[in-house]
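Enquirer: Predicted structure and sequence below. I'll ask about it afterward.
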Amino acid sequence: MATMTKLTTSEQLQSALAVSDEKPLLLFKHSTRCPISAGAYQQMMSYLQNEPNEAVEYALIHVIEDRPISREAAELLRVQHESPQVILVKNQAPVWHTSHSHITEDALKQHLKG
């Protein structure tokens, strides 16, 4: 099972983005207060427990608790903030993103296959 690393500082975000030069990074922006985000989180966890692509790094930002990091990610990646949201990053640039009910285990499998 793959795990998500929680990002809470600018340094952690910068480091995660730098790693995307070597291997893809999937950034999951999650609101702990939103039922739609809770559903997306369940889909994400299901994906991570059922044959995830181990060649991908997975990171989590709690958009309310760590709002400055969430904003910084949106600015650095030039992807309009949404929550919940997943952003696939390669070479420090977004190559795919989606949000809300489009975050499904099947969508993650499709876009993250090895």
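Expert: Structure's in. What do you need? What you are looking at is a predicted structure, and each value in this text was computed from that prediction instead of being measured.

Enquirer: what about the helices in the protein?
Expert: Assigned by DSSP state H, the helices in the chain fall at 10-19, 35-49, 67-77, 105-112.

Enquirer: Which one, of these, ends up nearest to Pro94?
Expert: helix 67-77 (4.9 Å; CB to CB). Heads up, the C-betas are built off the backbone N, CA and C, glycines and all.

Enquirer: avg pLDDT for stretch 52-68?
Expert: For stretch 52-68, the mean pLDDT works out to 97.

Enquirer: quick one: low-confidence parts of the protein?
Expert: By pLDDT under 70, the low-scoring segments of the chain are 114.

Enquirer: wait, what's in contact with Met44?
Expert: 4, 28, 86, 103, 108 (CB atoms under 8 Å, 6 or more residues apart in numbering).

Enquirer: same thing but at 10 Å, please
Expert: Counting by CB atoms under 10 Å, 6 or more residues apart in numbering, Met44 makes contact with 4, 26, 28, 30, 37, 52, 58, 60, 84, 86, 103-105, 108.

Enquirer: hmm, back to that, including distance to Ala93, could the helices of the chain go into a markdown table?
Expert: Formatted as a markdown table, the helices of the chain follow (distance: least, CB to CB, whole Å):
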| stretch | distance to Ala93 |
| --- | --- |
| helix 10-19 | 9 |
| helix 35-49 | 22 |
| helix 67-77 | 7 |
| helix 105-112 | 15 |
